[in-house]
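>>> Any chance you can model this:
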Amino acid sequence: MASNPVSMLCIYRVHEGKEKEFQSLLEKHWPTLRDVGLVSEKPARWFRGDAGDGKRRFVELFEWKDGEASGIAHQSPQVMSIWEPMGALAEGMEFIELERPIEPTE
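Numbering: from 1, shown residues only. Here you go, the predicted model:
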């Protein structure tokens with residue numbers, strides 16, 4: 001039984017001086033997930049920013065194709081070949097499964 005896509009917000013706090021190397025991996029992340037068949041057809045969106053502490057953050061928005069895809073990704077050598085070096089370049093990572101958009105109340 002197929003489930004709905006799962007929207008993800010990923011925040012990566014990258015070690016100083018490693019931003020260029022991290023960005024190179026980040027640009028390969030979604031294409032690798034797509035090639036393995038784990039994401040929806042909606043392309044990932046990437047952002048860079050500073051939270052006011054002078055440290056660069058990278059933010060990624062993408063959709064897993066379903067609720068099972070994340071677990072399958074951990075078993076994929078192609079995905080792990082991206083995730084392992086990404087982890088080594090980051091001070092920390094935060095992964096937030098987004099719920100559907102909140103409608104404004106009046």
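>>> Quick check: residue 103 is in a strand.
No: Residue 103 sits outside any strand when classified using DSSP: H, G, I helix; E, B strand; the rest coil, being coil.
>>> burial count for it?
Residues lying near residue 103 (other CB atoms under 10 Å) number 5. Using the backbone N, CA and C atoms, a C-beta is placed for each residue, glycine as well.
>>> which secondary structure elements does the top helix by length along the chain contact?
Counting residues, the longest helix in the chain under DSSP state H turns out to be helix 19-36. With contacts taken as 3 or more CB pairs under 8 Å, 6 or more residues apart in numbering; DSSP states H and E, helix 19-36 sits against strand 6-14, strand 45-50, strand 56-64, helix 69-73, helix 77-89.
>>> Can you pull out the low-pLDDT segments for the protein?
For the chain, the stretches flagged by pLDDT under 70 are 1-2.
>>> before we move on, back to that, just want the angle from the longest helix of the chain to strand 6-14.
160 degrees (axes from the mean of the first three to the mean of the last three CA atoms, to 10 degrees).
>>> Buried residues, helix 19-36. List them.
By neighbour count on 16 or more other CB atoms under 10 Å, the buried set for helix 19-36 is 19, 22, 23, 25, 26, 28, 29, 30, 32, 33, 34.
>>> wait, the first one sits on residue 56?
Meaning residue 19. Yes: at 5.4 Å, residue 19 counts as touching residue 56 under the criterion of CB atoms under 8 Å.
>>> out of the helices and strands packed on helix 19-36, nearest to residue 105?
For residue 105, the closest of the helices and strands packed on helix 19-36 is strand 6-14, at 21.4 Å, according to CB to CB.
>>> Sheet-wise, list the partners of the closest one with their directions.
strand 56-64 (antiparallel), strand 90-97 (antiparallel) (DSSP bridges).
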